[in-house]
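In: Starting from these lines, generate the structure:
(chains A, B and C)
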Amino acid sequence: MANLTIENITKSYGNVTVIPGLSLDVGEGEFCVLVGPSGCGKSTLLRIIAGLEPISSGRILIDGADVSDAEPPERGIAMVFQSYALYPHMNVDRNMGFGLEIAHTPRPEIKERVARAAEKLKLGSYLARKPRELSGGQRQRVAIGRAITRRPKLFLLDEPLSNLDAALRVGMRVEIARLKAELASTMIYVTHDQVEAMTLADRIVVMNNGRIEQVGSPIELYENPANLFVAGFIGSPAMNFLDGQVAAVANGKAQVKLALGPEIEVGLGARVEAGARVTVGIRPEHIRLAAPGTAQTHTGKAFMVEMLGSDTFIHLREGNAQIVIRDAEARRLRMGDSVTMALPSPACHLFDGEGRRVSARP
Amino acid sequence: MMTKSARRGLRFGKPALYLFALPATLLFVVFIAYPILWVAGQSLFTRTAEGQMVFAGFANYGAVLSDPAFWIVVRNMVIWGLITIPVQMVIGGLLAYFIERHTYRLRSFFRTMFFLPVVTSVSVISLVWVQIYAPYYGIAQEYLKLFGITMSFSPIGDPATAIYALILVNIWQWTGFSMLMYIAGIANLPSEVLDAARIDGARGFRLAYDVVVPMLAPATKSLLLLGIIGTLQTFPIVHLMTGGGPNRASEVFGTYIFKQSFVLGDTGSGATLSVIVLLVALVLSLVQIVFFGAQLSPAKRKPE
Amino acid sequence: MTGYARARIRSLVIHAVLFAVLALWMIPQVYMLSIGLRAPAQAFDAALITWPVTFDNFITVIRDNPLARIFLNSMIVTVATVAIVVAASSLIAFACAVLRLKGSLVLYATLLTTLMVPLASLVLPLAILLKTFGWVNTYIGLILPYAALGVPFAMVVLKAFMEDSPAELFEAARVDGCNAWQIYWHVALPLVRPALVFVAIWQFIVTWNEFFLALIILTESEMKTLTIIPMQYSGLYMANPGALFAVLTLIALPLILLYVVVQRAFVRGLTAGAVKG
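Out: All right, here's what the predicted structure looks like:
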């Protein structure tokens, strides 16, 4: 268990700067998830923490010690690779104990640690098998086991679930959550799947284009996205974004005239000018269906209705905007039906021209 | 935007790691690089009547290139290459194709049997073929009698036929190698492409000619490159069967150099010849690489 | 006629043709064996096979010649060369493919030029070099040059195989705490085993059959290898083809037997590029 401090690191490949300057603190025992779209730099950051990639400038400290130039073995880390990277010519037993073997750990201790990890991961009966004889899920558990036996200061996981099929992924997510509780290690987990991030993380780091967009707990990111990017990334289906213009500002509230038509009142947490172009964001699950004519509503035609049984997703198209409404009451709506949606002020987020959130905290 | 194309090498960077490259480099420097440099330098010297080595500039080259014997050798080498390489490829390719695609249980058997001449010692082969070619008691005579041909003397004793007789021996020995390269190439052909072609209606010759042969291009390129080098390397067969004669009718670079350097003791001209052969090899190899792309293994790997 | 029957007939025809070609191809070797098995009286008969078969020639030849010693020479030189080639080439392939040392690519390309150099160009300087070292008529005088000649090809094959291995495997080893040597020994080598086998077998065949350099360097009969000794026998047994071919058969036999035994592994290594694990 260790803490990690990243101080203003940059990473460039030749002339291309992929991480322009990033700082992050991860506390002891924290399960920190790096999430973001493909190419945002999360895997690069993980590899930098592991020592597999050098940094161009800045410092990395593990438990206060500067490891910026240290090689992976010197950092006290263990890593679970996306493709598991199991040694194909060694059986499960040796795979899991290999790191300890290299560290000249005495044999009995290796045996014991491997046995313990195998038990935790239900791999006991597979110890003699080679990786090619195992299923995807089993291999993944061996990869995790290999990391566990080393008792590392930092546990790094690089998209460990992305090579599994959907059903297996859900099951393994639960397994990882259980391990997290049992092991109480500091874990840094990379994924592009925001559901994994939301369910597993103590804190989420949302990344985009080599930068950190926001760091916070899952609920924090859900309720208080710092900008358009985070707002649109967290939550499924994604938040709806509507163009508008500030009609008036008074008493810490802004009156926003939507391109769609209705006027919405939104509480302000930051300054905004009258006349400014803004974006209103509201999550599909927060839009209410209402009777036509009520305040802050808009009436449109449903161009697609998805009925899942437990939920109904109603899609509207107005000009350039596509709006999704999640209705839990499973009304029997049909394509082409007229739909009146209410946009309650507390549920609305306001983003300025640069995408920063200016609305107040709910 | 992120580029994942940056190659991920393991960072070690310590000078001690160059030890990994040391054995191979050492061997190369001592036994390849130094000899080449030595030979290049030596070719510029010549031995005087008193046995001294004096600097002679390019005189040796002039002497060698104006010696008609040299050009006979060149002619022989060209004939050698022009015949052995394509013939070995074609026969080897045909054998590979039929063995790989049309046999099953006997595949290993055929592969092995046709490759045996390759692993048979060349000196053994040479002496056996001398016997075969022998005019009165060799079996070649026996079979040629069936065609009404009598040999008055051995094919390898006749200046007109000597080199072709040797070429036949070479083909006999090395076709198995071409076959094996093509076998590897065929094994690497993705079966989906072949299946798709067959669904498209290609069968038999069409399939072979339009689909298989082009896809075996890497193997063919390797064989061409290796064939050129191999032709220039020819020595044992010629040395043991004809010694380069009669009258240099079958002289090849290998035997020519051998005679100049070790029999006549003229290291100057031997060195010069060595350099010339080296240059020829390099030029031909580079030409082929530039025009066709380099490939050393018959599998579809990226070109060097 | 059904398509199936047609296919059967086609297969039979092809097999027949292959056997016919094979029969023709095997004539020289059958001939050699046959003469070796002939009584002296029939030695000069111009026939492929004669009866009866006798082993006298073989017995004479074995009794009269130090074949065992010569076999040993070939064995020592070849095994040592193979060992050095496998070691040196795998090390440098590792350095180029996995460690990606600075300048390794240049080094690689330079070593590659060896493949384009005809041995004929090298025998003269090598002979003089070896004489300077005092290595004429020694094992090492052959082993080291052979190794130098064999490394480039092996290096190419091994580098290609190592590059085909997933990079994450090497990274995992690094994270597991391995230094470069340990990654080489525990991960890289096991991963390219089929290629190592192929390279070893190929180098064995090539080294065992090498003629030119051995001819120059080994002048004492005691030190000669199996490959160059036939020349001596052709003089010795000029009037006795039976004995000559008996000894030739014995000389050719070891490598043929070896190849028959290892050919599956050999071909497998060659075609291993096709199927990735």
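
In: Show me which residues of the stretch 251-362 of chain A are close to chain C?
Out: Taking Cβ under 8 Å from any Cβ of the partner chain as the contact definition, the stretch 251-362 of chain A does not meet chain C anywhere. For the C-beta atoms, the positions are set from N, CA and C on the backbone; glycine is no exception.

In: Find the closest residue to chain C in the stretch 251-362 of chain A.
Out: For the stretch 251-362 of chain A, the residue closest to chain C is A:Gly355, as judged by Cβ to the nearest Cβ, at 35.9 Å.

In: how about the helices in the stretch 51-200 of chain B?
Out: For the stretch 51-200 of chain B, the helices defined by DSSP state H, counting those that start in this stretch cover B:59-66, B:68-102, B:107-119, B:122-133, B:139-146, B:162-187, B:191-199.

In: which one of those helices has the most crowded surroundings?
Out: Stretch with highest mean neighbour count among these: helix B:122-133 (a mean of 25; mean count of other Cβ atoms under 10 Å in any protein chain shown).

In: ok, and does that one reach over to chain C?
Out: Yes. Helix B:122-133 lies within reach of chain C by Cβ under 8 Å from any Cβ, at B:122-129, B:131-132.

In: Ends of stretch A:68-83, what's the gap?
Out: The straight-line separation of the ends of stretch A:68-83 (Cα to Cα, to the nearest Å) is 26 Å.

In: Quick check: A:Ser310 vs B:Ile229, distance?
Out: 72 Å (Cβ to Cβ, to the nearest Å).

In: next one: A:Ile264
Out: From A:Ile264 to B:Ile229 the distance is 80 Å (Cβ to Cβ).

In: Of these two, give the one with the bigger neighbour count.
Out: Each of A:Ile264 and B:Ile229 has its neighbours counted (other Cβ atoms under 10 Å in any protein chain shown); A:Ile264 has more, 23 against 17.

In: What is the burial count for the nearest residue to the more buried one once chain neighbours are set aside?
Out: What sits nearest to A:Ile264 in space, not counting adjacent residues and going by Cβ to Cβ, 6 or more residues apart in numbering or on different chains, is A:Val256, at 5.0 Å. Each residue near A:Val256 was counted by other Cβ under 10 Å, and the total is 26.

In: Now do the buried residues in the helix or strand hosting A:Val256.
Out: A:Val256 belongs to strand A:253-258 when assigned by DSSP states H and E. Under the neighbour-count criterion of 16 or more other Cβ atoms under 10 Å in any protein chain shown, strand A:253-258 has A:254-256, A:258 buried.

In: now do stretch B:279-289
Out: By 16+ other Cβ under 10 Å, the buried positions in stretch B:279-289 come out as B:280-281, B:284-285, B:288-289.

In: from the middle of its chain, how far away would that stretch be?
Out: Relative to its chain's centre, stretch B:279-289 lies at 13 Å (Cα atoms, centre = their mean, to the nearest Å).

In: ok, now stretch B:68-87?
Out: How far stretch B:68-87 lies from its chain's middle: 12 Å, per Cα atoms, centre = their mean.

In: end to end, how far does stretch B:181-200 reach?
Out: Length of stretch B:181-200, first residue to last, Cα to Cα: 28 Å.

In: Let me see the contact set for B:Ile156.
Out: Under the criterion of Cβ atoms under 8 Å, 6 or more residues apart in numbering or on different chains, the contact list for B:Ile156 reads B:130, B:133, B:162, B:165-166, B:241-242, B:250.

In: Could you rerun that using 6 Å?
Out: B:Ile156 sits next to B:133, B:162, B:165, B:241-242 when contact means Cβ atoms under 6 Å, 6 or more residues apart in numbering or on different chains.

In: picking up where we left off before, now the residue of the stretch 251-362 of chain A closest to chain C: closest residue in space, sequence neighbours ignored.
Out: Excluding the flanking residues, the one nearest A:Gly355 by Cβ to Cβ, 6+ apart is A:Leu228, at 3.7 Å.

In: roughly how far apart are the one you found and A:Ala238?
Out: Noted for A:Leu228: a distance of 11 Å to A:Ala238, by Cβ to Cβ.

In: do C:Leu226 as well
Out: From C:Leu226 across to A:Ala238, the span is 77 Å (Cβ to Cβ).

In: who's more crowded, the two?
Out: C:Leu226 (27 against 15).

In: per-residue confidence for the more buried one?
Out: You'll see C:Leu226 listed with a pLDDT of 83.

In: That one is in contact with C:Ile251, isn't it?
Out: Yes. C:Leu226 lies in contact with C:Ile251 (Cβ atoms under 6 Å); the separation is 5.0 Å.

In: tell me which element the residue nearest the centre of chain B is part of?
Out: With distances taken as Cα atoms, centre = their mean, B:Gly230 lies nearest the centre of chain B, 1.6 Å away. Per DSSP H and E: B:Gly230 is located in helix B:217-233.

In: is chain C contacted by that helix?
Out: Yes. Interface with chain C: helix B:217-233 contributes B:232-233 (Cβ under 6 Å from any Cβ of the partner chain).

In: what angle do that helix and helix B:162-187 make?
Out: Orientation of helix B:217-233 against helix B:162-187 (axes from the mean of the first three to the mean of the last three Cα atoms, to 10 degrees) gives an angle of 150 degrees.

In: Work out the gap between helix B:217-233 and the centre of the chain.
Out: Remark: helix B:217-233 is offset 6 Å from the chain centroid, using Cα atoms, centre = their mean.

In: now stretch B:250-264
Out: Distance, centroid of stretch B:250-264 to centroid of chain: 18 Å (Cα atoms, centre = their mean).
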